[in-house]
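# predicted coordinates and the sequence they were generated for:
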Amino acid sequence: MYRTELGQLAGQRFAKGHATGNDFVLVADPEAKLELSPEQVAAVCHRRFGIGADGLIRAVPTSLVPGYEEQFLDNPKAYWFMDYRNNDGSIAEMCGNGVRAFAHYLIAEGLISLQVGQSFQIGSRAGVKEITRLADGYAVNLGPWGLIFEQEATERSIDSMVKPRGWEQALPALSITMGNPHTVVALPDAQMLEELDLFQAPEVSPVPVNGTNVEFVVPSEPLIEEDGVAQVQMRVYERGVGETLSCGTGACAAAAAVRYWARSTALINQWAVTVPGGVVGVEFRSNEAGGEDTILSGPADLVARGVIGTE
Ligand SMILES: N[C@@H](CCC[C@H](N)C(=O)O)C(=O)O
């Protein structure tokens, strides 16, 4: 059933990669010849009938992406565009772990060269992002975070309710955009986080206009460790996927929400977010425009190469 739906992806060379267990199929499309349907992407990402992945990432020159070429004209440095698709074939604006895997893939495929300490830029549906190669991974500047329901959030510090499956009661939450939408819920302790049923989507009300990813977080007690880094544990139910082992933009949203809730006590800038697939770093840094950027850091790996489909 799924093989007949692979379309132009059949015969395409791919790499399989992950960033803290958030896994991706990556393909290069240097001449922008691939037209991907949601069904084809879902078939490749299927865990039983396909290669299996949380998402598919297509590397395509920014200048060849309809609707985006003009946006990037004044930024010739962002040569490659990250065309990100979720496991179900839906399009997402941004993927923080995906960006790190994307950078690693571009280097491994010889599509860019980047030494430790050097930076480069990519295009994405959430704009231009700068990525820096670290000794043990990558850091990406995802830009400013924002409140989705600004007025409600400013007045009450929460703006929505989330009911996990099997729970009688809904919990207060805060919806944050990192380019893509997130709704963050705090749980009282780590055991509740561990026992949470994330086989089905939690109920969110109100749902942001384009849907949302839901992050359940438990801030550590005390929040800041001796090294000055605030610690948070997180599990996530991703839009277009289900539960994943990690979500980079989700980790940024989680840190931003906990920081927002704690703003009366401290403005903490360094965060470590522990997810089932590892740990990612989040830094809030003042930018030249007088705002605040969000920097996500963590590892990325490639685990396989191959050809999609069989002949
Ligand atoms: N796992 C990603 C986010 C991927 C997109 C998300 N499912 C959405 O639909 O917004 C990350 O690491 O940020």
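Arrived safely.
# domains for this structure, by residue range?
For the chain, the structural domains run 3-142+300-307, 146-286, going by automatic domain parsing.
# the residue most central in space within the chain - nearest residue in space that isn't next to it in sequence?
Nearest to the geometric centre of the chain sits Cys95, at 3.0 Å (CA atoms, centre = their mean). Spatially, and ignoring its direct neighbours in sequence, Cys95 is nearest to Tyr84 (4.8 Å; CB to CB, 6 or more residues apart in numbering). In short, each C-beta sits where N, CA and C put it, glycine included.
# what does Phe102 give?
Met82 (4.9 Å).
# include mean pLDDT when you put the domains of the chain into TSV, please.
Below are the domains of the chain laid out as TSV (pLDDT from 0 to 100):
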stretch	mean pLDDT
domain 3-142+300-307	94
domain 146-286	94
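# what residues does this structure put near the ligand?
Contact residues (CB under 6 Å from any ligand atom) of the chain with the ligand: 22, 86, 92, 95-98, 180, 213, 238-241, 244, 247-250.
# restricted to strands, list the residues you listed.
Per DSSP state E, strands hold the following members of these: Asn22, Asn86, Asn213, Glu238, Thr244.
# buried sites along the strand or helix carrying Tyr260?
For Tyr260, the host element (DSSP states H and E) is helix 248-261. Judged by neighbour count (16 or more other CB atoms under 10 Å), helix 248-261 contains these buried residues: 248-261.
# which of those lies closest to Asp227?
Ala255 (15.5 Å; CB to CB).
# isn't the residue nearest to Cys95 up against Gly96?
No - counting by CB atoms under 8 Å, Tyr84 stays clear of Gly96, with 10.4 Å between them.
# who has more neighbours out of those two?
Gly96 (29 against 22; other CB atoms under 10 Å).
# ok, and the closest non-adjacent residue to the more buried one?
Spatial nearest neighbour of Gly96, chain neighbours left out: Gly248 (2.2 Å); criterion: CB to CB, 6+ apart.
# just say helix, strand or coil for Ala139.
strand (DSSP: H, G, I helix; E, B strand; the rest coil).
# my guess is it contacts Pro299, does it?
No - Ala139 is beyond contact range of Pro299, at 11.0 Å (criterion: CB under 8 Å).
# past whichever strand or helix holds Asp293, which element shows up next along the chain?
Per DSSP H and E: Asp293 is located in strand 292-298. The helix or strand immediately downstream of strand 292-298 is strand 301-307, counting by DSSP H and E.
# okay, the angle between that following strand and strand 137-141?
Here strand 301-307 runs at an angle of 90 degrees relative to strand 137-141 (axes from the mean of the first three to the mean of the last three CA atoms, to 10 degrees).
# same for strand 301-307, what does it pack against?
In terms of contacts (3 or more CB pairs under 8 Å, 6 or more residues apart in numbering; DSSP states H and E), strand 301-307 is packed against strand 13-19, helix 96-108.
# rerun that using 10 Å as the cut-off
strand 13-19, strand 22-28, helix 96-108 (3 or more CB pairs under 10 Å, 6 or more residues apart in numbering; DSSP states H and E).
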